[in-house]
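Engineer: What follows is a predicted structure for the sequence shown.
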Amino acid sequence: MGDPEVAARRQAIVDCAGANDCALVAIFIDELETAPEELHRALATVMEVDDGVLILPNLLHLAAAGNPIELRQHLLACHIDVLLSEVPKQAGRVC
């Protein structure tokens, strides 16, 4: 991703936090090579906060740790809400 796309994703996360009355503690920017480590750092950080919320651009960002749907369900069971800052695209639709 180029700098403009990183900036747009960062702003979308900030906007999502504001829209959901969340205090933004940290933003983790991952690269392909560091994605698993950055995800684990983000998860460790959110687990230290009561009523933690993890804001991701999309669920694919959880794939570094396994099945994204299962991981989201596990986080929800641990009282960590997972919000998506990007509107999900429907499969098969062309815009």
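Structural biologist: Happy to help now that I have it. Numbers count the residues shown, from 1 in each chain.

Engineer: Count the neighbours of Gly2 for me.
Structural biologist: Per other CB atoms under 10 Å, the neighbour tally for Gly2 reads 7. Where C-beta positions appear, they are placed from N, C-alpha and C, glycine not excepted.

Engineer: Tell me how far the helix or strand of the chain with the lowest mean pLDDT lies from the chain's centre.
Structural biologist: Lowest by mean pLDDT, DSSP states H and E among the helices and strands of the chain is helix 35-47, with a mean of 83. With CA atoms, centre = their mean, to the nearest Å as the basis, helix 35-47 stands 10 Å off its chain's centre.

Engineer: Return the set of residues that bridge with the residue nearest the centre of the chain.
Structural biologist: For the chain, the residue lying nearest the average C-alpha position, counting by CA atoms, centre = their mean, turns out to be Leu56 (1.6 Å). Following DSSP bridges, Leu56 is listed with bridge partners Leu84.

Engineer: how much space between Val6 and Pro57?
Structural biologist: Separation of Val6 from Pro57 (CB to CB, to the nearest Å) stands at 10 Å.

Engineer: Among these two, which residue is more densely surrounded?
Structural biologist: Shown here are Val6 and Pro57; by other CB under 10 Å, Pro57 has more neighbours (15 against 11).
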